[in-house]
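> Quick one, structure for this:
(one chain, ligands or ions: 2)
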Amino acid sequence: MKNHFTGRFINQYQDFFSMINKETYLIPISSCLKTFGYCRSTIIDFQLSELEFIPNSLFELMIKHKYWKIQDIIDYYGKDHEKNLIEYFEFLYVNRYAYFGEKYETELFPDFSMEWDFPALITNAIVDIADFDKFEYSKLIESLDEIHCFHLQLRFLKEIRSKDKIVELVKLVYEASFHTLSLYLPFDVFEDYEKVSDFIKEYPKIDNITVFSSPENRKVILDEYFAFINFTVNSFDPESTCGYVDTKFFSLSVNHFTESQLHNTCLNRKICIDSEGYIKNCPSMQHHYGHITETTLAEAIDKQGFKDCWFIKKDDIDVCQDCEFRHICTDCRAFIKDPNNIYSQPAKCGYNPYIAKWQNEEGWISVEQWRKENPEWEKQAIELRELHKKYIAINE
Ligand code: SF4
Ligand code: SF4
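Ligands and ions are numbered 1, 2, ... in the order given. This next block holds a predicted model:
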């Protein structure tokens, strides 16, 4: 991520106007998507996969005055603001977040569609395996293949040591139509760092492996295979493995950004089979929708309630709805701050969007404390949410 917006281009004022004149029109680049937050906004250039923070006033300017002539924008705000406005225009120009062109060119930059869909009912599945003899896992993989599951995660729990059986299943996945596979394995399966890398090279559908109970923490990136391996000394514990919110898990992909507008970014189109064979939406949730020995996956998905969390989007969630990261962040509904409120903030998030600080940063205070100290906060938050809705509506 780049640094905060600093206005560092002010000294290039003359250069900017040697290339652009005040009769040109502000044309925001539609592949650079913005998200409003309580304190600041983000703008993401999806072609470069880069995120930058911008002031909310710049976000507002880009919405309100899109396709306006520069001179008209300056007239709208008045001469006193001209210097600041030029600074904004120059920032947009230098970073290629906007184009300044002729009036006819405004029609050549269509809005970015926020529509999201996927040509399969299930995009991702998690299967927890503790005992190979308990169920016919090859059959389960065939069933997931039949519903065209795109990504599969196999989590081999600590009791599993049989390398041959693991390889057998991976081979099956490799030959089926899954696009990618990720694995959780105990270190004992390979007992060697190199052998884990070799495994990915042999089965390049594997895009990541977490090797728990390793002798040391180590990260291996296999650039050529677009894959990585995380060796961790920790033992496997689903409760501590899942649901963490951290900048390193943010996704700067158009797919994630658009899906998040109307869907949950973890649970949408997800299916999980826990180690006892129960079919769930999330492996850490208690509620299940049948057992794999009695219910088909399609029947479970069709049961009432299975899809409820699919449509809990970040804009519905307390705190997240005011956060500038909400369309790149993954949501967790299993570990939430208030178990009695399904719309409460993920419990494992240490970000306070009202002060734009992470828990490990100086000056951080909790959301609860901040809200207590700022009883008027909600009025401003509602205004900002409305403005963001207007922006989405413009783009629809
Ligand atoms: S909802 Fe939370 S616990 Fe469940 S799969 Fe998603 S991140 Fe993991
Ligand atoms: S407040 Fe919500 S959207 Fe923001 S980083 Fe935390 S979990 Fe993600």
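> Find the closest residue to ligand 2 in the stretch 1-150 of the chain.
For the stretch 1-150 of the chain and ligand 2, the shortest gap (C-beta to the nearest ligand atom) falls at Gly37, measuring 8.3 Å. Placement of C-beta: from N, CA and C, glycine included.
> so how far is Leu48 from that residue?
Remark: distance between Gly37 and Leu48 (C-beta to C-beta, to the nearest Å) = 21 Å.
> burial of the residue nearest to Ser235 when sequence neighbours are not counted, as a residue count?
Among residues not flanking Ser235 along the chain, Ser213 sits closest, at 5.2 Å (C-beta to C-beta, 6 or more residues apart in numbering). Using other C-beta atoms under 10 Å, Ser213 has 15 neighbouring residues.
> Return the residues of the stretch 101-250 of the chain in contact with ligand 2.
Contact residues (C-beta under 6 Å from any ligand atom) of the stretch 101-250 of the chain with ligand 2: Val245.
> what residues does the stretch 101-250 of the chain put near ligand 1?
Applying C-beta under 6 Å from any ligand atom, one finds that the stretch 101-250 of the chain approaches ligand 1 through 242-243.
> mind listing the helices for the stretch 101-250 of the chain?
Using DSSP state H, counting those that start in this stretch, the helices assigned to the stretch 101-250 of the chain run over residues 137-146, 163-175, 193-202, 238-241.
> tell me the average confidence for the last one?
Which is helix 238-241. For helix 238-241, the mean per-residue pLDDT is 75.
> tell me which residues in the next helix or strand after it are buried?
Following helix 238-241 in sequence order, the next helix or strand is helix 254-262 (DSSP states H and E). Judged by neighbour count (16 or more other C-beta atoms under 10 Å), helix 254-262 contains these buried residues: 254, 256-261.
> coming back round to it: can you pull the phi and psi angles for the residue of the stretch 1-150 of the chain closest to ligand 2?
Main-chain dihedrals, Gly37, degrees, to the nearest 10: phi -130, psi 170.
> So the residue nearest to Ser235 sits against Phe231, correct?
No. With contacts counted by C-beta atoms under 8 Å, Ser213 stays clear of Phe231, the gap being 9.5 Å.
> Spit out the residues that contact those two alike.
Contact criterion C-beta atoms under 8 Å, 6 or more residues apart in numbering; residues bridging Ser213 and Phe231 by contacting each: Phe187.
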